[in-house]
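Undergrad: Quick one, fold the following:
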Amino acid sequence: MESESRRALIVGLGNPGKKYEMTRHNLGQMVLSAFADKYQWSFKRDTGLKGEIATGIVREKKVVLLFPTTYMNLSGQAVQKTMDFFKLSREDVLILSDDVALPFGALRYREKGSSGGHNGLKDIEEKLGTQEYQRLRLGVGEPAVGYLEDYVLAPFTKEEQEKIPEVITQAVTFIEEWLVQEMKEHA
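TA: A predicted model of the protein is given here:
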């Protein structure tokens, strides 16, 4: 069996379907997709795991990528099933999620903490039974007016769309550094 220092699960949160692809709530999936593209990995649907899965190797570490195919508020189902299937502990997991409490483009890494009202993170916490799991929060800003749900499910503005490639590049670089750091800490 592979040592846990040689494996990782990275989860890009979002909602399924074309209509949500370019929305703020799907920024985690956008980052994960860019990471997969960089390494030329392809996703395959796995109905048993309730997600789309891609696997590959980064610096001798087996990496599993997961797009839950459930709606955001049920993301924990896919995370738990995938962790069980690949025999991963929560220390092997990194969740990528949007965060309205951070300015657009800001990145914040946390090893534990509350969901901050994010329904996907709430469900993951419920399924894992803890708030102690690693996450990279991707700032999408907060609405000046209106309902939060409408804001996160709306497409990015033109100005935001112009900045998305830079944000995604920074997040992909963070993921690569996280993978290397995880190997060092478990060596």
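Undergrad: got a list of what residue 126 touches?
TA: Counting by Cβ atoms under 8 Å, 6 or more residues apart in numbering, residue 126 touches residue 76. Just so you know, the C-beta spots here come from the backbone N, C-alpha and C atoms, and that holds for glycine as well.
Undergrad: a helix runs through it, doesn't it?
TA: Yes. Assignment of residue 126 by DSSP: H, G, I helix; E, B strand; the rest coil places it within a helix.
Undergrad: could we number from 223 for the rest of this?
TA: Sounds good: first residue 223 from here, last item residue 348.
Undergrad: can you tell me how far it sits from residue 303?
TA: Using Cβ to Cβ, to the nearest Å, one gets 14 Å for the distance from residue 348 to residue 303.
Undergrad: So, low pLDDT: which residues of the protein?
TA: Within the chain, the stretches with pLDDT under 70 are 223-227, 404-409.
Undergrad: what about the longest helix in it?
TA: helix 380-408 (DSSP state H).
Undergrad: mind listing the strands in this protein by residue range?
TA: For the chain, the strands defined by DSSP state E occupy 229-234, 266-268, 273-280, 283-290, 315-321, 329-332, 356-361.
Undergrad: Tell me which other helices or strands the last one touches.
TA: Helices and strands touching strand 356-361, as assessed by 3 or more Cβ pairs under 8 Å, 6 or more residues apart in numbering; DSSP states H and E, comprise helix 249-261, strand 315-321, strand 329-332, helix 380-408.
Undergrad: cutoff 10 Å now
TA: Counting contacts by 3 or more Cβ pairs under 10 Å, 6 or more residues apart in numbering; DSSP states H and E, strand 356-361 is packed against strand 229-234, helix 249-261, strand 315-321, strand 329-332, helix 341-350, helix 380-408.
Undergrad: Format the ones you listed as CSV; extra columns: distance to residue 285.
TA: Listed next are these as CSV, based on distance: least, Cβ to Cβ, whole Å:
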stretch, distance to residue 285
strand 229-234, 5
helix 249-261, 8
strand 315-321, 10
strand 329-332, 17
helix 341-350, 19
helix 380-408, 7
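Undergrad: Distance check, the residue sitting furthest away from the middle of the chain against residue 297.
TA: Here the centre of the chain is the reference, and by Cα atoms, centre = their mean the most remote residue is residue 367, at 26.8 Å. Noted for residue 367: a distance of 28 Å to residue 297, by Cβ to Cβ.
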